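# Next one to model:
(chains A and B)
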Amino acid sequence: MKNFRTFLTLALCGVAAFLLACGGSSHPSNVIATSGPNVAAITVNGGPVGNYVDAAFTSVTVCVPGTSTCQTINDILVDTGSPGLRIVSSVLNIALPQQKTTGGNPIVECLPFVASYTWGPVETADVEIASEKASAVPIQVLSDTDFTVPTACSSPYPPNSSADTVTALGANGILGVGLLAQDCGTGPECVTTGSAGLYYQCPSQACATTGTLTGEALAQQVTNPVALFATDNNGVIVELPRVSAVQATVSGSLVFGIGTQSNNGLGGATVIPAPAGSLTAIFNGQSYPASFIDSGSNGYFFLDTNLPSLPLCSGAEQGFYCPNSTQSFSATNQGSSETINFSIADAATLLSPNESVYADLGGQSGGPPPGYFDWGLPFFYGRNVFVAIEGTSAPGGQTPYWAY
Amino acid sequence: MSKCKAGSLKSRFFGIIGATAILATAFPAWASLGGDAASIQADQVKMQGTRRMTTAQSYTVHEIQAANGTVVREFAGSDGKVFAVAWHGPWMPDLHQVLGTYFDQYARAAQSQSGTRMGRRPLMIQQPGLVVQNGGHLRAFSGRAYVPEMLPSDVRAEDIQ
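Here you go, the predicted model:
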């Protein structure tokens, strides 16, 4: 009897220890697909320049359409916040065909980000990632010199704000695998008048003087290559493991397709519909309706007007938060019952030259208060994040959506 | 803040005159933040936009809806000077144009932030003479800029959006 009681005690302790080890966090550990024709390896590191923080990179192969003339390019930023493949001209060694108007003028694109823009010709490539293939994908080749930059493209930004070199971009390119299928869309400002400001036709290299805005048909616009894959083309899953507060690097997977293979099912993930490309975060009783999930943002970006405990950094870390001690917060996204617990540490002491993975990096969101929650790459650590592309069919509901 | 129907008609009238004048001079000087009513008209023409005006106690909001869907609001005090601008929409407005003479200060401050570590994030400028909060992402940009010492006494920062 005594022996049995001892056994029972040990057994219960064992079970308790197991539960503590596996259940100590607010959400279960994520399972990461390690191999398969629809799985590309991704790595969070400093990128080709070595100075990026909280950004995931992968490899992409581009080919002259219909040929075996191909090139594999590493250090491409994985961005769920934009659509389309963009490659810095200087790393591209093969000549891809230039997209032209029916009149024969080259099409060149100006893509706006908040603090920078990309500029360069629209070219066509067959794109291969893992074993997935897409034919004749319009991509952007980033270059300030193939065609000179029109003032209207550069003028919203400080001088020299183009992100068209490896140094300026911090990457060899961007793989945009977001909710959108094309970067401009179906509006008349995109396909008819061109007043969106994205697409130019450039009769000569001197596009700054000869270029004019042009309408660009949807199929000609720079397109999320995943949407053009022959299979597994309804979205992606970004899978990164849980990390400690600061790490040099971490590896994970970019999985193509949702519910199309044995390794990309929704499982227990909750779908958050994003018909307008946004979700509503709820934080301290306040709604943030223009929020989004973006692997291309390198921190948690949000504003809490009630919390003076989150001072902004000065100097080179401006825009990030620099609290005296690490602060813990929690928020939810409408449609999901999961409480998202996250912490913000002092960016000035956090950032070190040898490390690129920061679980507790954050900063102030832009725009008029309360602004929005930008769930950047730290949100992805320990979660499988599903991004279903607009206009496709995927399990779990209407696309576009996020799920996690 | 209350809508001002008479003002709306008036602004449309001025908008037409402004457009004519600007076409005649071919290339207007850009000015908005810190500029006067003429600079608002210049912005409207540049953005091929329509304009709507609302008035509050001590200031007037000129809302320009650009042809590409982006909305820019310019806040002018009783002296007619623009003390704040706010924007939201699918595409970024030309900040060179809407920040006017303050653009250089914005640009210098933004460049001083390009630290040694790479990343994509919002652009926040908080200086004694200029506040800019610029953020969002492709097809959903939003931001605002204001000159703190120009704010009328009954305007709170949260009114500017």
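# Around chain B, which positions in the stretch 251-400 of chain A sit nearby?
A:277-278, A:290, A:292, A:294, A:296-299, A:301, A:312, A:315-320, A:351, A:363-369, A:371-372, A:374 (C-beta under 8 Å from any C-beta of the partner chain). No exception for glycine: its C-beta is placed from N, CA and C like everyone else's.
# And the strands in chain B?
Secondary structure of chain B by DSSP state E: the strands cover B:2-3, B:50-55, B:59-65, B:71-77, B:82-89, B:123-127, B:130-137, B:140-146.
# and these as JSON lines, adding mean pLDDT, mean neighbour count and distance to A:Ser135?
Putting these into JSON lines (pLDDT from 0 to 100; neighbours: other C-beta atoms under 10 Å in any protein chain shown; distance: least, C-beta to C-beta, whole Å) gives the following:
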{"stretch": "strand B:2-3", "mean pLDDT": "38", "mean neighbour count": "10", "distance to A:Ser135": "53"}
{"stretch": "strand B:50-55", "mean pLDDT": "78", "mean neighbour count": "18", "distance to A:Ser135": "43"}
{"stretch": "strand B:59-65", "mean pLDDT": "91", "mean neighbour count": "22", "distance to A:Ser135": "40"}
{"stretch": "strand B:71-77", "mean pLDDT": "93", "mean neighbour count": "22", "distance to A:Ser135": "39"}
{"stretch": "strand B:82-89", "mean pLDDT": "95", "mean neighbour count": "24", "distance to A:Ser135": "34"}
{"stretch": "strand B:123-127", "mean pLDDT": "87", "mean neighbour count": "19", "distance to A:Ser135": "38"}
{"stretch": "strand B:130-137", "mean pLDDT": "93", "mean neighbour count": "24", "distance to A:Ser135": "28"}
{"stretch": "strand B:140-146", "mean pLDDT": "95", "mean neighbour count": "24", "distance to A:Ser135": "30"}
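# To chain A, which of the ones you listed lies closest?
strand B:130-137 (1.6 Å; C-beta to the nearest C-beta).
# Which neighbouring elements make contact with that closest one?
Strand B:130-137 sits against helix B:103-112, strand B:123-127, strand B:140-146, with contacts defined as 3 or more C-beta pairs under 8 Å, 6 or more residues apart in numbering or on different chains; DSSP states H and E.
# re earlier: name only those of the residues of the stretch 251-400 of chain A next to chain B that count as buried.
Buried by 16 or more other C-beta atoms under 10 Å in any protein chain shown: A:277-278, A:290, A:292, A:294, A:296-299, A:301, A:312, A:316-320, A:351, A:363-369, A:371-372, A:374, out of these.
# mind listing which of these are in strands?
A:290, A:292, A:301, A:363, A:374.
# In these, find the pair that's most separated.
The largest separation in those, counting by C-beta to C-beta, is between A:Ala290 and A:Gly363 at 16.5 Å.
# which residues in the stretch 51-200 of chain A form helices?
Along the stretch 51-200 of chain A, counting by DSSP state H, counting those that start in this stretch, helices occupy A:151-154, A:166-169, A:188-191.
# can you put these in CSV and add mean pLDDT and mean neighbour count?
Conversion of the helices of the stretch 51-200 of chain A to CSV gives the following (pLDDT from 0 to 100; neighbours: other C-beta atoms under 10 Å in any protein chain shown):
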stretch, mean pLDDT, mean neighbour count
helix A:151-154, 96, 18
helix A:166-169, 95, 19
helix A:188-191, 97, 20
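# how about those, which one is nearest B:Gly136?
Comparing those by C-beta to C-beta, helix A:188-191 comes nearest, at 16.9 Å.
# Is that closest one positioned near chain B?
Yes. Using C-beta under 8 Å from any C-beta, helix A:188-191 reaches chain B at A:Glu189.
# Quick one: mean pLDDT for stretch A:281-288?
Mean pLDDT, computed over stretch A:281-288, is 94.
# what's the span of that stretch, first residue to last?
One end of stretch A:281-288 sits 5 Å from the other (C-alpha to C-alpha, to the nearest Å).
# what's that stretch in contact with?
A:280, A:291, A:302, A:304, A:306, A:329, A:331-334, A:370-373, A:375 (C-beta atoms under 8 Å, 6 or more residues apart in numbering or on different chains).
# with the residues you listed in mind, which one is nearest to B:Asp154?
Among the contacts of stretch A:281-288, and counting by C-beta to C-beta, the member closest to B:Asp154 is A:Pro370, at 21.6 Å.
# Near the closest one, how many residues? Count them for me, please.
Neighbour count for A:Pro370, taken as other C-beta atoms under 10 Å in any protein chain shown: 21.
# swap in A:Ile344?
25.
# Show me what the spatially most central residue of chain B is bridged to.
By C-alpha atoms, centre = their mean, chain B has its centre lying nearest to B:Val85, at 3.1 Å. Following DSSP bridges, B:Val85 is listed with bridge partners B:Glu74, B:Ala145.
# who are the neighbours in contact with it?
B:32-33, B:72-75, B:98-99, B:144-146.
# let's go with 10 Å and repeat that
B:32-35, B:40, B:43, B:62, B:64, B:72-75, B:93, B:95, B:97-100, B:102, B:132, B:143-146, B:160 (C-beta atoms under 10 Å, 6 or more residues apart in numbering or on different chains).
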